[in-house]
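Novice: after the sequence you'll find the predicted model.
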Amino acid sequence: MSYLKIDNISKQYDEKNIALRQVGFALKKGEVVSVLGESGSGKSTLLRIIAGLEIQDEGRVYLEDEKILNPAEKLVAGYDEIKLIHQQYKLYLNSTVEENIGRPLLLYDKDYRRERVEEILQMLNLHAFRHKLPKQLSGGQQQKVAIGRALSIEPEVLLLDEPFSSLDTIQKRELIEELRHIFEDSDMTVIFVTHDLDDALLMSKKLFILKDGELVQKGAPRDIFRKPKNLYTAQLFSHLNPIPGNGEAFIRPSDVKIEKVDGRLEAEIISAQYLIHYTQLTVRLKDTDVIWKVEDQNRLYQKGDSIGLSFHEENIISFSPQ
Ligand code: ADP
Ligand code: MG
């Protein structure tokens with residue numbers, strides 16, 4: 001049974017801006033998914049509609065079969081059990097970390113509040129900072145406090161709208177991994193929205209791809225990688241080498257094997273770039289002059305060298321009509 005159901009949501013702000021086009025999906029309780037989409041693809045609009053903070057033109061959101069009411073239908077917009085966190089979180093600047101986390105619990109029993117704040121400090125590894133003010137913390141730590149505050153009243157659904165964009169890559173990776181473990185141990189349903197593929201892959205085992213307001217593909221990252229529905233989703237993962245004589249077929253650089261002598265295709269190296277973990281070669285296929293990118297662990301390549309290339313048929317990516 002689906003727990004959170006997004007049924008055919010459409011939203012258009014004005015003549016020019018179609019933000020969402022009949023977006024639909026269903027999540028189970030406790031499921032964690034990433035929504036990947038470039039800027040303007042409708043990610044924030046989607047989350048705001050799910051949270052009951054934006055009026056949709058069409059469609060419905062259901063939480064446990066109950067309609068989520070939008071601001072036109074409800075006196076106070078939004079729901080306590082659905083928390084939306086975005087980049088511009090606001091902390092109480094004159095309150096300590098533990099006070100910030102406890103703030104949403106002010107109406108609760110004092111013992112429960114103390115216990116829950118302890119739990120959150122523990123969960124997010126914020127113990128050492130409990131008496132500090134936000135300004136004494138790094139960006140990553142502040143963002144963690146904001147997340148801690150959102151988690152304090154145990155929301156059923158957590159919506160993360162690119163909340164880590166202000167963090168540097170290492171901080172971001174660490175925080176995402178930490179959160180992933182927390183989510184794995186909880187039965188919170190989480191939708192994480194991002195424009196960064198690596199972040200999306202790090203957070204969840206399921207990926208939804210949003211393009212111009214349309215949910216173009218969803219599934220396990222590996223399946224999307226192997227069987228992308230269109231050029232757009234295919235190119236999110238890597239460069240694509242066109243297979244000569246077949247305009248609709250491509251092979252990924254990581255699926256091309258370099259053979260010193262006779263591969264299936266003869267190629268000449270145009271340039272070799274030594275990256276840390278591998279060498280990226282730009283090559284020209286000899287018969288057709290088509291340019292490919294290929295990869296290898298070896299560092300021995302020189303411009304002008306001839307190499308042979310091969311690949312397995314099953315790794316060919318094609319978008320012939322289905
Ligand atoms: P994302 O979060 O993926 O960047 P948004 O949901 O913010 O995408 O925006 C989707 C589209 O809707 C964009 O074209 C954006 O310009 C437009 N849009 C978003 N909010 C508004 C608004 N309040 N008024 C008019 N257009 C908007
Ligand atoms: Mg956005």
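Specialist: On my side now, so go ahead. Ligands and ions are numbered 1, 2, ... in the order given.
Novice: using CSV, write out every CA atom in the longest helix along the chain.
Specialist: Longest helix in the chain by number of residues (criterion: DSSP state H): helix 169-184. Extracted in CSV, the C-alpha atoms of helix 169-184 (Å, rounded to 0.1, in the frame of the first residue of the first chain):
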residue,chain,number,x,y,z
THR,A,169,31.8,19.0,-0.8
ILE,A,170,33.4,17.2,2.1
GLN,A,171,31.0,18.6,4.7
LYS,A,172,28.1,17.8,2.4
ARG,A,173,29.1,14.2,1.8
GLU,A,174,29.6,13.6,5.5
LEU,A,175,26.3,15.1,6.4
ILE,A,176,24.4,13.1,3.7
GLU,A,177,26.0,9.8,4.8
GLU,A,178,25.1,10.6,8.4
LEU,A,179,21.5,11.4,7.5
ARG,A,180,21.2,8.3,5.3
HIS,A,181,22.1,6.2,8.3
ILE,A,182,19.6,8.0,10.5
PHE,A,183,16.9,7.6,7.8
GLU,A,184,17.7,3.9,7.5
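Novice: quick one: distance of it to the chain centre.
Specialist: 12 Å (Cα atoms, centre = their mean, to the nearest Å).
Novice: can you give me the helices for the stretch 101-250 of the chain?
Specialist: 110-123, 139-152, 169-184, 197-203, 221-226, 231-237 (DSSP state H, counting those that start in this stretch).
Novice: hey, which of these is tucked in deepest?
Specialist: Highest mean neighbour count of these: helix 139-152, a mean of 22 (counted as mean count of other Cβ atoms under 10 Å). No exception for glycine: its C-beta is placed from N, CA and C like everyone else's.
Novice: how's this protein carved up into domains?
Specialist: What automatic domain parsing lists as the domains of the chain is 4-231, 249-318.
Novice: sorry, back to before: just want the angle from the longest helix of the chain to helix 110-123.
Specialist: 130 degrees (axes from the mean of the first three to the mean of the last three Cα atoms, to 10 degrees).
Novice: and the angle for helix 169-184 with helix 139-152?
Specialist: Going by the same axes, to 10 degrees, helix 169-184 makes 20 degrees with helix 139-152.
Novice: helix 169-184 packs against which elements?
Specialist: Contact here means 3 or more Cβ pairs under 8 Å, 6 or more residues apart in numbering; DSSP states H and E; on that basis helix 169-184 packs against strand 32-36, helix 139-152, helix 197-203.
Novice: what does it rub up against?
Specialist: 32, 123-125, 138-140, 143-144, 147, 151, 158, 164, 167, 190, 199, 202-204 (Cβ atoms under 8 Å, 6 or more residues apart in numbering).
Novice: what does the stretch 1-150 of the chain have sitting close to ligand 2?
Specialist: Contact residues, the stretch 1-150 of the chain versus ligand 2 (Cβ under 5 Å from the ion): Lys43, Ser44.
Novice: what residue in the chain comes nearest to ligand 2?
Specialist: Across the chain, no residue is closer to ligand 2 than Ser44, which sits at 3.2 Å (Cβ to the ion).
Novice: which residue, other than its chain neighbours, is closest to the most centrally placed residue in the chain?
Specialist: Centroid check for the chain by Cα atoms, centre = their mean gives Ala200 as the closest residue, at 2.7 Å. Excluding the flanking residues, the one nearest Ala200 by Cβ to Cβ, 6 or more residues apart in numbering is Ser34, at 3.6 Å.
Novice: state the distance from the one you found to ligand 1.
Specialist: Computed with Cβ to the nearest ligand atom, to the nearest Å, the distance linking Ser34 and ligand 1 is 13 Å.
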